[in-house]
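# next one to model:
(chains A and B)
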2 protein chains.
Amino acid sequence: MPSYTAPTKDAQFILHDVLNISGKEIPGFADLDRDFTAAILEEAGKIASEVLAPLNMVGDTEGCRLENGVVYTPTGFKAAFDQMKDGGWPGIDMPEEYGGQNMPYVIGTAVGEFFSAANQAFTMYQGLTHGAASAILAHGTDAQKDKWLPKMVSCDWTGTMNLTEPHCGTDLGLMRTKAEPQDDGSYKITGQKIFISAGDHDMAENVVHLVLAKIPGGPEGIKGVSLFIVPKFLVDDEGNLGARNGVSVGKLEEKMGIHGNATCVMNYDEATGYLLGDMHKGMRAMFTMMNEARLGVGMQGLAQAEVAFQNALEYAKDRLQGRDVTGPKNPDGPADPLIVHPDIRRNLMEQKSFAEGARAFMLWGATLIDQAHRAKDKDADGLISLMTPVIKGFLTDKGFDMTVQAQQVYGGHGYIEEWGMSQFARDARIAMIYEGANGVQALDLVGRKLAQDGGKHVMAFFDLVKTFCKDEAETEGMAEFTGPVKTASKDLQAAAMYFMQEGMKNPNNALAGSYDFMHLFGHVCLGLMWAKMAKASLKALAEGTSDPVFHQTKLATARFYMARQLPMTATHLARIQSGADPVMALEAANF
Amino acid sequence: MPSYTAPTKDAQFILHDVLNISGKEIPGFADLDRDFTAAILEEAGKIASEVLAPLNMVGDTEGCRLENGVVYTPTGFKAAFDQMKDGGWPGIDMPEEYGGQNMPYVIGTAVGEFFSAANQAFTMYQGLTHGAASAILAHGTDAQKDKWLPKMVSCDWTGTMNLTEPHCGTDLGLMRTKAEPQDDGSYKITGQKIFISAGDHDMAENVVHLVLAKIPGGPEGIKGVSLFIVPKFLVDDEGNLGARNGVSVGKLEEKMGIHGNATCVMNYDEATGYLLGDMHKGMRAMFTMMNEARLGVGMQGLAQAEVAFQNALEYAKDRLQGRDVTGPKNPDGPADPLIVHPDIRRNLMEQKSFAEGARAFMLWGATLIDQAHRAKDKDADGLISLMTPVIKGFLTDKGFDMTVQAQQVYGGHGYIEEWGMSQFARDARIAMIYEGANGVQALDLVGRKLAQDGGKHVMAFFDLVKTFCKDEAETEGMAEFTGPVKTASKDLQAAAMYFMQEGMKNPNNALAGSYDFMHLFGHVCLGLMWAKMAKASLKALAEGTSDPVFHQTKLATARFYMARQLPMTATHLARIQSGADPVMALEAANF
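Residues are numbered from 1 along each chain as shown, chains lettered A, B, ... in the order given. Next up is the predicted model:
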C-alpha cells in the first residue's frame, strides 16, 4: 500500500524563507511565526498520514453505495470524518463567530494540500462544505449565516454545489431547473442536477445544497439564474432538523476515480429552497468564491503529484534492476536500484521540481487571496484573479502528468491496482475537468482576465518578474536563475503582444493559442518560484544554515527546472504565433 | 456507448497513394492492389465495428474471473473469438503451410489496428498467440512447428509470453524460474511468472506458454536463460490433448484497464516444457520477434487514440454549449456545437493529426518489416530496428495523451464510465508499459540502436529525410511542408551529434536525454509522414481527384502538424543539450 508523509519542512521553507508570511502586513499574519505554523503543519501532517492516507485505497476499492435512497461511504470514512471535525480542521480558516479558527487562507491551503494528498475523495466532503459555507458567508443575510454556518463550519452539516445539468455544464444559461416563489418568501425547486460531488452520504446530519435555478419570468439565459439554499432536512428557527425536503439521490455515478466520494444525480421535486444573495445574480454569487475553489482544485493537482512522487521515489530507491552504466552502485547486491538510471532520474526530477515549484506557486497565490480579502488589496485581488486559471489549469494538467510519470517508474506494478499508483492517476484526472474544464480556464485567462482592467494585472505580473530579475541580477549566484526566467517571461510577453495585435483582427488568433498560453504562463510562474526559492536557499547557505543539504538540493532542483522545463516556453510561443489558421482551417463536416 | 468505424479510406490512402505498396519489389506485394486491400480492410472493419467494439465496454465492466482455477472471459468474448477464427483473421500473415493466409505483415498491421481500436483487451488474446507462434516459427524444429503451429495459427490454441517475475521485469538476468533437464529430453519447469497477458481463459482448447527459465549449471545472469514451450495440456504425437500440465493460474490481477484480458500470475510446478531454440539463447529467441511485438504495441497507442478521437469528434459536433465568438453557427438552436470553439478545435486537430500521422508511420514501419523478412533486405532491417523503439515509445505515449485529450472534450461526461472515454485512456495506459517500458525503449534507442553498425542506420534515416526534402523542394506547394521537416530533422541531427560528442565523455550525457530524443525522433518521423501525405494529396488534386475534400483536409491537417507539433523538436533539443548535470546532480538520498 502506498504511504504519505506531509512535506512540512518544504511548506515551512516556502512560508517563511520564501514568502516571509509573518512579515506581511496582512491582518492575522503577524501571528504566523515559524513555531506556530510548524505546530499546525505537523499536526495536520500526522492526521493526513495516519488517518486519511490508510483510507485512500479503501475508498477506491469499496466506493460509495446507494441503498434505498441512502448513500453509504466506505468503511472507516465516518470515524475519520469525526476525527477531522474534532480537530477543528474543516473550519480552520473560517470566522470565529461561526466556530472557525479564523486562520488565514494560506494556512488552510497548506494543510489542505496534505489532506488532499492523503485522500482526495475523502477531503472533498469538507472541501465542498467549505465552498458552500464561503458562499453563504459572502452572500447570505445575517439570519442565514446564523442558521447555516455554525453547523457547516463544524461539518456537522456538509455542503454541495449544484450547477451542472444533463444538457449543460459550461454553458449554464441553458439551465432548466426552476424555482417557483412561494408566499412565505421561500421557493419550490424542481429539476435535475448531475455530477454533484459529496451529494449525499452518511457522515453528517444534514446536507446543505447550494442550487442554481431559474425563477420563472426572469431574464433569459445566464442573467436569469439565482442561487438557493436547499437543505436535505428542513431546519426550524431553533436549528432543529425537521422534515425531509423534496431532494433525493437519483443515482451514484461510476467514475474513473475518486470512488470514495459520492458523485450524485440529485433530483429536486418541489424542494423548499431559500434565495441566497440577489435574485437573478446567482452566477455572481458563484463567481466571488471561484478563485478560492479553483485554487483549491489546482492544489489537488499538486497534491496527487506529491503523493505519487513520494511513492515513486521510494520504489526507485528500493527496486533493484539493472546496473549503473558508469559502474555498479550496489556491487554486493544482485542489481542496482532503479534510481541510478538517468532516465529514472529525469522522470523523478520532473516530478520533484513540479511538486515543489507548484507548492510555492499555490502558497503564494493563497497569500494573495489573504491580501485581497483581509487587507482589502485590490491589486492583489486583480493579480490572483489573473493567475487563478493558470493555477487551476496548469497545476492540474501537470499534476496529472506527474502521477502518470510516477506510475511509469513502477513498470507493470504501476498498472495493477495493488500498488496504488493507478489510483493517484485516476483520482488526479478529475481535477482537469471539474470547477471549469481546463479549456474553459484557458478561455477565461485569454478571453477575460488578460484584458481585465485594461490589462493592468498582466502588466503588474510582468513588472513583478522584471523587478525581481533586475533586483537579483547582481546577487551572487542568481544569474543562472534570473536569466532563464527573463527569457521565459519575454516569451510570455511576446505571446500576450501577439494576442493583442492579432486578436483584434480575429479573436480566434488569441483563442486558438489560449491553452498554450495558459501553460506558457504556468512555466513562467514556476520558473519565478524556483528563482525565488533559489534566492532563499543561497541566502540560507550564505548565512551558514544548519541544513546545507536541504538548500543545496533546492538549488540543484531549481537548475533542473531552468534547464529542462523552462525551454517549453519557446515551443508554446511558436505554437501561439502560428495563429488561428492551422487550427480553424477545416469545416466541421470535414474533420 | 462509444462507437467505432474503421478508417479504411485513410488506410487505403496510405497504403496506395503514399506507400505505393503494390509497386514495391517485395515478394507478395504485387498482389496488393487497391481492390484487393479494400476488400480485406472493409471486411476487417466490419467485424471490428460490429462484433468487437460492442464487447469493449462489456469486457471492461465484467472483467475476467477466476473460479476454482478456471478463468472465464466476459460475456460474448468466446462467440466473437470463434467468429474471428472462422474468418481466418488470426493467421492472416502466417504461412499457408500452417493454415495461415500468408499475407504481408503490413496487411496484418492494417487490420490489427482496427481490431485493437475496437477492443484492445480482446485482440490481445490473438496478438499474444501471434507472438508466440512467430517465436516457434523462427526458432522451432520442424517437428515443433508441425506440432504447435497449425493449432496456434487457427487460434484453437492460444499462446502467451512468460518473462516477468515478481522481482524482475526489465532485468531478466535476475530470473529464478528453473528448468531441470529430464531423461526424455524435456524439462521440468518450476517458478512463478507474473503479468502474463491472456495467461488462461475459456476460449481455446489449450494454452501454449512460452516461458523463459534457467537451466541449472548454465551461465550466470541473462546469458543463462533459455526459452521453453510449456502447454497447459500435454499434447501427444498425434496432436491429441492429454493430461493437464503442472501449470496453474495463481491469481488474476486487478488492473487500471484492459479488464477483458486475463492478466495472470502463472505458477509452474514441475511443468513439462520443451526447449525452443538453443540452450541459454532464450533472450536471442525473444529478441528476434521483438521488433514485431513492439510495432504491435505502438499500433495499440494509435488504435486507442483513433477510437477516442472518433467519439470525441462526434460529441464535439453534437453537444451544444456556448456560442462561437465570431458569430452564432447554430442560430436557431439554444447554443452552438462544441466544435466551433477554437480550443476544442486545437484539441481535435492534435488528435487527428496524431492518429493519421501515426497510421502512416506504422504502416511504413510494417512495410520495412516485410522488406526485411520477405525481401531479405538488411538495410530495411537496420532501419526498422532503429525506429522500433520510436514507434513503440512515441506512439504509445502520444496515443495515451490523445485518449486523455479526447476524454477532456466530454467534460464531466468523460470522467464517468458511462460514455466509455475513461476506458480508452485506462486501456491505452498499459501500452506505455508492457513490451518494455518506454524509458527502456529510449535506452534501447540511444544506448544501442543509434550506434548500431557504426551508426549506419541513423545516417540512412537522415539521408532519407534529406533526399525527400531536396527532391520535393521544387515541387509546387511542397515547400511549406519540407521546410519544417528539414528544421526538425536538423534538431534531431544536432541531438545525435551532442550524444556522440558528450556521451564519449560521460554516457549519462546521452542517457539523460534519451527520452527527449525518442520524442524528438518521433516528431521528425510524423513530420516526414505528413510531408509525404501532403505530396500524395497535392498530386491527387493536381490530377483532378474525384474526392478533393479528402485531400484538402489532408493538406490542412499536415499544416497543423507543421505549425503546432513540430516546434516541439526545439524544446527537446534544448533539454538534451543541457546534458546530464541537471538530471544527475542529486545524491539518491537527497531527493
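
# from here on, just use CA atoms for contacts and neighbour counts.
OK.

# could you tell me whether A:Ala271 really is in a helix?
No: in this structure, A:Ala271 is strand, not part of a helix, as judged by DSSP: H, G, I helix; E, B strand; the rest coil.

# ramachandran coordinates for A:Asn162?
Phi and psi for A:Asn162, reported as degrees, to the nearest 10, are phi -110, psi 100.

# spit out the contact partners of it.
A:Lys193, A:Ile194, A:Ile196, A:His209, A:Leu210, A:Val211, A:Leu212 (CA atoms under 8 Å, 6 or more residues apart in numbering or on different chains).

# go through those residues and say which is closest to chain B.
The closest of the contacts of A:Asn162 to chain B turns out to be A:Ile194 (CA to the nearest CA; 9.4 Å).

# per-residue pLDDT, the residue lying farthest from the centre of chain A?
Here the centre of chain A is the reference, and by CA atoms, centre = their mean the most remote residue is A:Asp332, at 45.1 Å. Turning to A:Asp332, the model gives it a pLDDT of 96.

# where does it sit: helix, strand or coil?
coil.

# look up how far A:His16 lies from the residue in the stretch 301-450 of chain A positioned nearest to chain B.
Distance from chain B to each residue of the stretch 301-450 of chain A (CA to the nearest CA) is smallest for A:Ile416, at 4.1 Å. A:Ile416 sits 40 Å away from A:His16, going by CA to CA, to the nearest Å.

# which one of these two is surrounded by more residues?
A side-by-side neighbour count of A:Ile416 and A:His16, using other CA atoms under 10 Å in any protein chain shown, places A:Ile416 first with 22 against 17.

# isn't that one up against B:Ile258?
No: applying CA atoms under 8 Å, one finds A:Ile416 not in contact with B:Ile258, separated by 10.6 Å.

# picking that back up, ok, now which ones touch the residue of the stretch 301-450 of chain A closest to chain B?
A:Ser422, B:Glu253, B:Glu254, B:Lys255, B:Met256.

# among those, who's most crowded?
Among these, A:Ser422 has the most neighbours (other CA under 10 Å), with 27 neighbours.

# helices or strands next to the strand or helix carrying it in the packing?
Using DSSP states H and E, A:Ser422 sits in helix A:421-429. Helix A:421-429 is packed against helix A:290-318, helix A:378-409, helix A:412-415, with contacts defined by 3 or more CA pairs under 8 Å, 6 or more residues apart in numbering or on different chains; DSSP states H and E.

# TSV please, covering those helices and showing mean pLDDT.
TSV is the format used below for the helices and strands packed on helix A:421-429 (pLDDT from 0 to 100):
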stretch	mean pLDDT
helix A:290-318	95
helix A:378-409	97
helix A:412-415	98
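
# could those be laid out in JSON lines, adding mean neighbour count and distance to A:Ala262?
Shown next, in JSON lines, are the helices and strands packed on helix A:421-429 (neighbours: other CA atoms under 10 Å in any protein chain shown; distance: least, CA to CA, whole Å):
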{"stretch": "helix A:290-318", "mean neighbour count": "26", "distance to A:Ala262": "17"}
{"stretch": "helix A:378-409", "mean neighbour count": "25", "distance to A:Ala262": "21"}
{"stretch": "helix A:412-415", "mean neighbour count": "23", "distance to A:Ala262": "25"}
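
# dump the ones you listed to a markdown table, plus distance to B:Asp379.
Formatted as a markdown table, the helices and strands packed on helix A:421-429 follow (distance: least, CA to CA, whole Å):
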| stretch | distance to B:Asp379 |
| --- | --- |
| helix A:290-318 | 38 |
| helix A:378-409 | 33 |
| helix A:412-415 | 34 |
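
# tell me the average confidence for stretch A:171-186?
On average, stretch A:171-186 scores 95.

# now it: buried residues?
With burial defined by 16 or more other CA atoms under 10 Å in any protein chain shown, the residues of stretch A:171-186 counted as buried are A:Asp171, A:Leu172, A:Gly173, A:Leu174, A:Met175, A:Arg176, A:Thr177, A:Lys178, A:Ala179, A:Glu180, A:Pro181, A:Ser186.

# these also near chain B: which ones?
When contact is defined as CA under 8 Å from any CA of the partner chain, those meet chain B at A:Asp171, A:Leu174.

# tabulate the buried residues of stretch A:171-186 in JSON lines, adding columns for secondary structure.
What follows is the buried residues of stretch A:171-186, written out as JSON lines (three-state DSSP):
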{"residue": "A:Asp171", "secondary structure": "coil"}
{"residue": "A:Leu172", "secondary structure": "helix"}
{"residue": "A:Gly173", "secondary structure": "helix"}
{"residue": "A:Leu174", "secondary structure": "helix"}
{"residue": "A:Met175", "secondary structure": "coil"}
{"residue": "A:Arg176", "secondary structure": "coil"}
{"residue": "A:Thr177", "secondary structure": "coil"}
{"residue": "A:Lys178", "secondary structure": "strand"}
{"residue": "A:Ala179", "secondary structure": "strand"}
{"residue": "A:Glu180", "secondary structure": "strand"}
{"residue": "A:Pro181", "secondary structure": "strand"}
{"residue": "A:Ser186", "secondary structure": "coil"}
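
# which one among the buried residues of stretch A:171-186 gets closest to B:Asp463?
A:Asp171 (52.1 Å; CA to CA).

# for A:Thr75, helix, strand, or coil?
Following three-state DSSP, A:Thr75 is assigned to coil.

# what about the closest residue to it other than its chain neighbours, distance to A:Phe499?
In space, and not counting its chain neighbours, A:Thr75 is closest to A:Val58: 7.2 Å by CA to CA, 6 or more residues apart in numbering or on different chains. With the distance defined as CA to CA, A:Val58 ends up 48 Å from A:Phe499.

# so which of those two has more stuff around it?
A:Phe499 (28 against 16).

# doesn't that one fall inside a strand?
No: looking at A:Phe499 with three-state DSSP, it is helix, so not inside a strand.

# quick one: it and A:Ser514 touch, right?
No: applying CA under 8 Å as the test, A:Phe499 and A:Ser514 come out as separate, 9.2 Å apart.

# where do the strands sit along chain A?
A:65-67, A:70-72, A:157-162, A:178-181, A:187-196, A:206-214, A:225-231, A:233-235, A:241-244, A:247-252, A:264-276 (DSSP state E).

# which of these sits most buried?
strand A:225-231 (a mean of 28; mean count of other CA atoms under 10 Å in any protein chain shown).

# can you list the strands that it pairs with?
Strands flanking strand A:225-231 in the sheet, each with its direction: strand A:206-214 (antiparallel), strand A:264-276 (antiparallel) (DSSP bridges).

# now the shortest one: how far from the chain's centre is it?
Read it as strand A:206-214. A distance of 22 Å separates the centroid of the chain from that of strand A:206-214, by CA atoms, centre = their mean, to the nearest Å.
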